[in-house]
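Engineer: missing the sequence, but the structure's below:
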């Protein structure tokens, strides 16, 4: 299996505070990799560096062996990385299908076209993507009236528009109802299986993490403290300490998952 | 050296009222997020009221008492304005309130004209301060010295109020996060009223305090508005020390400018502002703009659709009727329609920028007037044939828009708006002061179209073709991939960037395109009138377009055009009456209050309520 994403010694310091400290990991092809950790562990900072929102203080990021450190988000996207946001970002003045069409227009280099009518272009492809996330029946609804869970699914469809090799999902189920969470991650897992996309995601919901991820990394105070399968992570005393010390009801999650 | 010191002292004294007015504006913006265009009018009221009081109250006590009372009176007027005009529209879309304040400007202008008459009034000398002091041999008016002392005292008092009192804490807290202040149980309505009153009182105080130096006239509302905006922006919106420092910088600079380079005093102020904003994008003491972080105010914008067959037919029928106008209408109707058509194109070009791009430009006249001047200058100085000059004008305006847009787009929100205003004013002052080339105040005349167009009917068709054509092009682009990308960049820059869209490039191109279309309107204008004067570049012209776009409805595609047609028509009828500004101002305020979604938006809502038009599937 080939390595899709790799970081080497990724570090970010805000003044004296080292938010992400020398993080190195690899993400394999078709892998669903979870990055977990208590609040303030540096997950989002780490993510923002992967996606180009933040320049790292030191360290490097490689995508399919190519260095992408310091590129802008839109350049990284062009290299085949899709992302979803912790707080959804959609175009609220457009319809659902137009949101996806927008990404397709961008992928096909049609942003600076003036003659054609945008709502006719790539509609079929956009509908197919919506169908994949179960949103086809809502295609022509106004995006601003969607329920939050639907917005998340729309974002996923948008992120898949350019057939990415890598999908970065920052807390994909934050703010969703428990049932929706399971459904969304099942959907993601299916997509990983069917399309060979690799996924790196951060998550607070341990049900989601333990049910679907192939491998789990634990970040605490900016440093990776553990890495392994669900069972290994659960049995890891350091992880237990971090989580129980942080006051998270680890026991309850364990039961729910078992 | 002596002269130098004297200059600085004069500058510092001039800074006095500028500072007062500016910190009033800054306070109001900080807390209520309202860009109060009417602030200059409050300053003017302060001057007039102070003057009237000074004529009745005698002596030292009378003079200083009048200034104080003028401040209080204007503060009370501020309360009335806030409660009657602004309170009903706080929930309206962002920046919509500034339209209401523009209505207030018009109302106050005519009320002042009614009460105090059209003549400029000389301010009385301050009793006991008639002469001059000699400082290092240079004569400095005694009143200047008093101002020099008073201003820092007022500034300190304000600072004390902001830093040490409960009201100050509330104001500072509301400036940072007014939702939080509301959640903590503070009655926001009264906080807003209180701050608006305080800001107004400071403007009134500033107006009264400058009386012995400047007097009162009906133009002082707009005269002060520009430097005040500049001061507030240079100092940083919401910062008192910033306003103080910036007022001093601008005033001192102005005094030196008058002495050494009198032909460029106006330009100087804007150059300073542009330089400051390039280095410190949020002013000297300002913080990054966070307005809009709490989500969009008002209803979300609806998806756009190409016009239905039915709508197309109606529009086509309307155009055919319009084309028949020369057969049935009078010469006057023809000229009026030409004016309206041109103005519609101008407004549509701004609407493209404002509605689709979410870029609020306070200086769109730069491209309208710019286009007009490009054509006029070409004709005057190079004898360019009309047709060629007409074609080149939009490109000239577009070129200006690329440069200005490139600089302005580093900023967002109100700072962006202010910087566009600064550039428009920069162009205006260039044209005003570069007399040899632009004719200055006298404008450029004899810019007539070629013979084949040189009658009202022919030019009407010419204007019809290019205005309607331009509007249709703008509309078509709105539906094109580029128009969608522009809306995407407005709706969620984060998502747009994360899906490969270079939002800065999209915005710059949109800015340029809007400038180009504005320039086209300007070129039509100059050949329809045969002349052009600096007022086509003025702040008032920019506001005209801004107002009609807001009143027509920012969130609807047709808003700009409908608003422009309606208000230009009304204006042409009203201007025949003496106090038309009063009526116009009241009409604007009325529309703002009853139709906060603009004319088109509110009509659409009304139509839906009675069952016409399509309901959103939901």
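Structural biologist: That came through, no problem. For clarity, every value in this text was computed on a predicted model and none was experimentally measured.

Engineer: so who does residue A:214 touch?
Structural biologist: Residues counted as contacts of residue A:214 (CB atoms under 8 Å, 6 or more residues apart in numbering or on different chains) are A:31-33, A:229. In this view, the C-beta of every residue, glycine as well, is placed from N, C-alpha and C.

Engineer: Show me which of the residues you listed are buried.
Structural biologist: A:31-33 (16 or more other CB atoms under 10 Å in any protein chain shown).

Engineer: Need those in CSV (columns: distance to residue B:450).
Structural biologist: Below are those laid out as CSV (distance: CB to CB, whole Å):
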residue, distance to residue B:450
A:31, 72
A:32, 71
A:33, 71
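
Engineer: Just the ones of these in strands?
Structural biologist: Counted as lying in strands by DSSP state E, out of those, are A:32-33.

Engineer: got a list of what the closest residue to chain A within the stretch 301-450 of chain B touches?
Structural biologist: With CB to the nearest CB, the shortest gap between the stretch 301-450 of chain B and chain A falls at residue B:301, namely 4.0 Å. Residue B:301 makes contact with A:92-93, A:144, B:555, according to CB under 8 Å, 6+ apart.

Engineer: Among those residues, which one lies nearest to residue B:214?
Structural biologist: residue B:555 (42.3 Å; CB to CB).

Engineer: On the three-state scheme, that closest one is what?
Structural biologist: Three-state call for residue B:555 (DSSP: H, G, I helix; E, B strand; the rest coil): coil.

Engineer: The closest residue to it other than its chain neighbours in helix, strand or coil?
Structural biologist: With sequence-adjacent residues excluded and distances taken as CB to CB, 6 or more residues apart in numbering or on different chains, residue B:555 is closest to residue B:301, at 4.3 Å. Taken by three-state DSSP, the conformation at residue B:301 corresponds to coil.

Engineer: how about the strands in chain B?
Structural biologist: For chain B, applying DSSP E gives strands covering B:132-135, B:138-141, B:444-445, B:531-532.

Engineer: Of all the residues in the second one, which ones are buried?
Structural biologist: Just to be clear, that refers to strand B:138-141. B:138, B:140-141.

Engineer: Please tell me how far it is from the chain's geometric centre.
Structural biologist: Here the centre of strand B:138-141 is set off from its chain's centre by 37 Å, with CA atoms, centre = their mean, to the nearest Å.

Engineer: Flag the helix or strand of chain B with the lowest per-element mean pLDDT.
Structural biologist: Across the helices and strands of chain B, the lowest-confidence element by mean pLDDT, DSSP states H and E is strand B:132-135, at a mean of 76.

Engineer: hang on, the earlier thing: lowest-confidence one in the buried residues of strand B:138-141?
Structural biologist: Among these, residue B:138 carries the lowest pLDDT, at 76.

Engineer: Next one: the residue lying closest to residue B:468 once chain neighbours are set aside from residue A:131, what distance?
Structural biologist: Nearest residue to residue B:468, sequence neighbours excluded (CB to CB, 6+ apart): residue B:319, at 6.4 Å. Separation of residue B:319 from residue A:131 (CB to CB, to the nearest Å): 42 Å.

Engineer: got it, and residue A:30?
Structural biologist: From residue A:30 to residue A:131 the distance is 22 Å (CB to CB).

Engineer: Check residue B:475 too.
Structural biologist: Taking CB to CB, one finds residue B:475 at 32 Å from residue A:131.

Engineer: do residue B:541 as well
Structural biologist: 51 Å.

Engineer: Would you mind telling me which of these two has more residues around it?
Structural biologist: residue B:541 (22 against 13; other CB atoms under 10 Å in any protein chain shown).

Engineer: Check that one and give its pLDDT.
Structural biologist: 90.

Engineer: next one: the one 5 residues further on
Structural biologist: Residue B:546 carries a pLDDT score of 89 in this model.

Engineer: and what of the one 5 residues further on?
Structural biologist: In this prediction, residue B:551 carries a pLDDT score of 86.

Engineer: and it, how many neighbours does it have?
Structural biologist: 27.

Engineer: Where does the stretch 101-250 of chain B get nearest to chain A, which residue?
Structural biologist: For the stretch 101-250 of chain B, CB to the nearest CB, closest residue to chain A: residue B:179, 16.7 Å.

Engineer: And that residue, how far from residue B:173?
Structural biologist: Counting by CB to CB - residue B:179 and residue B:173 are separated by 11 Å.

Engineer: more neighbours, these two?
Structural biologist: Neighbours per residue (other CB under 10 Å) separate residue B:179 from residue B:173, with residue B:173 holding more: 16 against 12.

Engineer: who are the neighbours in contact with the nearest residue to residue B:601 once chain neighbours are set aside?
Structural biologist: Counting by CB to CB, 6+ apart, residue B:601 lies nearest to residue B:553, which is 3.9 Å off, once chain neighbours are set aside. Neighbour list for residue B:553: B:559, B:562-563, B:597-602 [criterion: CB under 8 Å, 6+ apart].

Engineer: can you list the weak-confidence ranges in chain B?
Structural biologist: Applying pLDDT under 70 to chain B flags the ranges B:1, B:93-94, B:263, B:289-300, B:612-618.

Engineer: Which positions in it make contact with chain A?
Structural biologist: B:296, B:300-306, B:476-477, B:479-485, B:487-488, B:490-492, B:494-502, B:506, B:509, B:616-618 (CB under 8 Å from any CB of the partner chain).

Engineer: need the residues of the stretch 151-258 of chain A near chain B, please.
Structural biologist: So the stretch 151-258 of chain A meets chain B at A:155, A:158, A:161-162 (CB under 8 Å from any CB).

Engineer: Output those residues in a markdown table, with pLDDT, distance to residue B:220 and secondary structure appended to each entry.
Structural biologist: Output for these, formatted as a markdown table (pLDDT from 0 to 100; distance: CB to CB, whole Å; DSSP: H, G, I helix; E, B strand; the rest coil):
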| residue | pLDDT | distance to residue B:220 | secondary structure |
| --- | --- | --- | --- |
| A:155 | 92 | 53 | helix |
| A:158 | 94 | 54 | helix |
| A:161 | 92 | 57 | coil |
| A:162 | 91 | 58 | coil |
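
Engineer: now the farthest one out in the chain, which residue is it?
Structural biologist: With no chain named, the answer covers chain A. Distance from the C-alpha centroid of chain A peaks at residue A:115, with 34.9 Å (CA atoms, centre = their mean).

Engineer: that's the wrong chain, I wanted chain B
Structural biologist: Chain B, farthest from centre, CA atoms, centre = their mean: residue B:137 at 43.2 Å.

Engineer: Quick check: closest non-adjacent residue to that one.
Structural biologist: With CB to CB, 6+ apart as the criterion, residue B:137 has its nearest non-adjacent residue at 5.3 Å, and that residue is residue B:2.

Engineer: tell me the contacts of that neighbour?
Structural biologist: B:135-138.

Engineer: Same check on residue B:28?
Structural biologist: Residue B:28 touches B:34, B:36, B:39, B:195-196, B:199, counting by CB under 8 Å, 6+ apart.

Engineer: For the longest helix seen in chain B, list every residue counted as buried.
Structural biologist: Criterion DSSP state H: the longest helix present in chain B is helix B:2-32. Buried residues in helix B:2-32, defined by neighbour count with 16+ other CB under 10 Å: B:6-7, B:9-32.

Engineer: Now do the residue nearest to residue B:468 against residue B:285, distance only.
Structural biologist: 53 Å.
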